[in-house]
Structures are given as structure tokens and as C-alpha cells.
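Student: here's a sequence, model it:
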Amino acid sequence: MKIIPSATAFSLRILRYLPIILIGWFITAPAVAQKDAKAKELLDKSSAVLNQSGGLSVSFTFYINDEAHKIKQSFDGQMLIKGTKFFLETPEQTVYFDGKTQWVYNKSIEEVSILEPQPQDIQTLNPISTFELYKTGYDYKYQGEKTDIQNRKVQEISLFPVNKKDDIRQVDVQIYTGDQMPVFFRIIYKNKAEYRIHVNKYQTRLNFSDNQFVFDTKKYPQAEINDLR
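Tutor: Presented below is the predicted three-dimensional model:
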């Protein structure tokens, strides 16, 4: 399976929108900016739940439908989060971030790239902190209660970028009514590319060692090091 750069980049910042990440279908953003009170109430509750979740484990399925590049595919992945740290596992890559240094291991060529994201990029990388972007960067509208593919009762909210030059046209997020956790995201781009994330399973308040978020060279003895710091 080959993942195009845009899809890979998106997976690296997965509950910037897995909480927004944090998406209805081909709806035009309102001409007049608006912030729906019901939508804000739900987003605020979900944001609080995420910030109080402690160690978080998320198993998900990621769907790509990119008409421009004629790509339609999906893959499963897992993400572990602890404060500013995270670990991301997909079929092609393993990503570690300890709050300062990021390691991206490409499985097919056994190469790990090491870099230190700039402060402005760290917020984009951290799924929980990027959820806060809805407070300043998006207008939002409550779309009502629905039932998801796992037969869970969810509340759906659509978000629209305030900046009309943004490549994203719309973000839909579904929040589980049981505990206010986000469980589905759809990101629709102006070029008609669409990404969907279904959260299959999640656990909160887990105890992760800090080593979980650091690349261990002993586990990858054949890996070629590409240090970009």
C-alpha cells in the first residue's frame, strides 16, 4: 500500500482533527460566520474530557478518498497519547514524539528520520492541543443526534474554517453521548479529497512509560538514521 504525502501528513496530526480531530457532506460554509451555542457546548465538554483523559489509547480505521490522485483506500492504526507525547502506528510508519524530538520510522525502507519540530508545529502535532483550534480557527454548527456504524448514539457537529483560503472546506466530528469522546471525523478538502477516521476502540487513564514515546535503536538494528535536526 502506498500513501501519498498529503495522506501521510494528515495521519501524523491525526485529533488535530481527531478531535476538532477536530466534519455534512459537501455543504457550503455559511456566508456569515456563526458559532452555534449547542455545538460549542458539546465541543467544550469533549475538549475537557480529552484533557482529563490521562494516558489515552486509540485504535482507528483511516479512510482516504482522493479523486484528484485517484486514490481510494483504508488502513488501521493505533495512537497512544500522554500529555504532549504521542506514539502512532500505521502499516507503513511508526512515529514517536517525546515532546521535543520526533522519530518517523519508514518500515518499507527501514529508515528513521529524526527532527525537532518548531514550537508552532508542536501544537499541530499534538492531537489534544490541536482540538483547541475550534475556539479560534473555525465556525461550527450542530447537526443533531445520529447513530454511528457501531450503533452508538452520537452528536454531530460541522466545522468551517474562518480563513476562506484554507484548503479544508469542512470538518465533521461525531461525539459519543455516553462519555463525550470524539469517535468519528471527516475532513473534506476543496479539491474534493476526503479523509475519514472511525475510532474503533479507546481507553483512558492508562499509565505509559516515557520510553514508549522514544525511538529505541535496539529494536531497529538495521534502520538507517536520517538526522534532520
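Student: what pairs with the closest residue in space to Gln212 that isn't next to it in sequence across the strands?
Tutor: In this structure, Gln212 finds its nearest non-sequential neighbour in Phe87, 5.8 Å apart by C-beta to C-beta, 6 or more residues apart in numbering. C-beta: built from backbone N, CA, C; applies to glycine. With DSSP bridges as the criterion, Phe87 is bridged to Leu80, Tyr96.
Student: and if you look at Tyr202?
Tutor: Bridge pairing for Tyr202 - DSSP bridges - gives Val58.
Student: now the strands for the protein?
Tutor: Under the criterion DSSP state E, the chain contains strands at 55-66, 71-82, 85-89, 93-97, 102-106, 111-115, 138-147, 153-161, 168-176, 182-189, 194-206, 224-227.
Student: quick one: closest of these to Phe213.
Tutor: The closest of the strands of the chain to Phe213 is strand 85-89. By C-beta to C-beta, the value is 4.0 Å.
Student: pull the distance from that closest one to the chain's centre.
Tutor: In this view, strand 85-89 has its centroid 11 Å away from the chain centroid, taken as C-alpha atoms, centre = their mean, to the nearest Å.
Student: check stretch 174-191 too.
Tutor: Chain-centre distance of stretch 174-191: 10 Å, with C-alpha atoms, centre = their mean.
Student: try stretch 48-58
Tutor: For stretch 48-58, the distance to the chain centre is 14 Å (C-alpha atoms, centre = their mean).
Student: pull out the buried residues from whichever helix in the chain runs longest.
Tutor: Longest helix in the chain, counting residues (DSSP state H): helix 37-51. Within helix 37-51, the residues that count as buried by 16 or more other C-beta atoms under 10 Å are 39, 42-43, 46-47, 49-50.
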